[in-house]
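Asker: my questions are about this predicted structure, shown below with the sequence.
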Amino acid sequence: MKVVTICAERAPFARTGGLGDVTAALPEALLAVEPTLEHVTVLPLYGAARPLLQGRLRPVGPFQELVDDAPYRTLFFPHPQFEPQGLYDGPEEKFGLLCRAVVDAFDDADVFHLHDWHGAHAATLTTTRTVLTIHNLAYQGPFLRDGIAAADVVTTVSEQYAEEIQTEPFGCGLHGLLAERGVVGILNGIAAAEVPHRDRTGLLADAGLAGSDLLFGVVSRLDWHKGLDWVADVIPRLDELPARLVLLGTGDPALEERFASLASDRFHPWLHFDPARADQILAGADALLIPSRFEPCGLTQLYAMRAGTVPVVHPVGGLADTVADPERGFHMTEASPAGLFSAMGRAVEAWNTPAWDQRVDGGRRWDSSWRRSAERYLEIFAG
């Protein structure tokens, strides 16, 4: 079987979030299950990626192929509209050019796997089997609606989110179409990698915090949908729990300003992007706060559980599918600052008790690998 993936991101060459991680990890997982699979990933050749790709490309038809990327092929589509430094600068219609180029070049494909609105247009251009994966319905571009209507199968990145987006509260105006088509939920995984070293003492020292209270962490884009305003609302009450909190993130300038103003002997914000610091928090904090208003899948809770850090989540989308309460974490029972504060209070009460150890062990044992997901994708590709 020959599967051709069309996407806007693929780590490490183009990445703004989980999409780039998924498109990098999934092909390897598919090949681990089915070694005879032929897989090609095609994404734009962004101007920002050229320094990283210097000397590593060779021309193949209208594309540039990465020459040192076994075991699957990665092709880049060069076009002047993708040269600006930002991945999504310029007209959105440029992704239609990518889709047309791939469909025209790969008439031997058995399946086109299309990711988000950037690849969705290809479903309208071909009679080859198309599987459209929605990573975040909130971002629809000019192609997603038509792609949903035309694709052979529509998937998304968790079973709970698949159900949610077929309802009005989560459907972003497309719930009717999605309910008519049906959506298959396939949970994302994370790559097998070493667990970051757990250094709670070093994390507290770097943050300038002291004391033996439970240490919460946040690693997130600072955005309304991530529930970070609820986090800001509970920070003045940390002494009531008692607890401390460290936060890493960047995003909404108003949230950045608010978190900066809340810094204290119980709260330290790092308002920038720092992968090493993210790993330090994911492994060094006692608990990780993820109070998202909606969450298609989420990856930080998976990394946290693998490291022995207990997630405290709003149980929506992939957070509901991965973080069971009491087996692996704590659930908010109300979508509000009060709901978050209450869940944090339950965590403080359980800390240093057998109930806490149960959650740590349950999270570490939970299978967050890609294998089950890859098997499900292969079933869908085969029809």
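Answerer: Here it is on my side, so go on.

Asker: so Arg56 is in contact with Leu66, correct?
Answerer: Yes - contact between Arg56 and Leu66 holds when scored by CB atoms under 8 Å: they sit 5.9 Å apart. All C-beta spots, glycine's among them, are computed from the backbone N, C-alpha and C.

Asker: element containing Leu302?
Answerer: For Leu302, the element it lies in under DSSP states H and E is helix 300-307.

Asker: of Arg56 and Leu66, which one has the most company?
Answerer: Taking neighbours as other CB atoms under 10 Å, Arg56 and Leu66 compare with Leu66 leading, 18 against 13.

Asker: spit out the contact partners of the more buried one.
Answerer: 53, 56-57, 73-76 (CB atoms under 8 Å, 6 or more residues apart in numbering).

Asker: one more pass at 6 Å, please.
Answerer: Leu66 is in contact with 56, 74, counting by CB atoms under 6 Å, 6 or more residues apart in numbering.

Asker: for the stretch 251-383 of the chain, what spans make up the strands?
Answerer: Listed in chain order, the strands of the stretch 251-383 of the chain (DSSP state E, counting those that start in this stretch) span 267-270, 287-290, 310-313, 330-331.

Asker: next one, pLDDT for His197 please.
Answerer: Looking at His197, its pLDDT stands at 82.

Asker: spell out the secondary structure type for it.
Answerer: coil (DSSP: H, G, I helix; E, B strand; the rest coil).

Asker: what about it, how many neighbours?
Answerer: Neighbours of His197 under the rule other CB under 10 Å: 11.

Asker: mind listing what the spatially closest residue to it that is not a sequence neighbour touches?
Answerer: Among residues not flanking His197 along the chain, Ala283 sits closest, at 6.4 Å (CB to CB, 6 or more residues apart in numbering). Shown in contact with Ala283 (CB under 6 Å, 6+ apart): 196, 198, 307.

Asker: got it, and Val312?
Answerer: Residues in contact with Val312 (CB under 6 Å, 6+ apart) are 287, 289, 330, 343, 347.

Asker: the third one bridge partners, please.
Answerer: Which is Phe330. Counting by DSSP bridges, Phe330 forms beta bridges with Val312.

Asker: looking at it, it is touching Gly345, isn't it?
Answerer: No - at 9.5 Å, Phe330 does not count as touching Gly345 under the criterion of CB atoms under 6 Å.

Asker: neighbour count winner among the two?
Answerer: Taking other CB under 10 Å, Phe330 and Gly345 do not tie; Phe330 has more neighbours (23 against 16).
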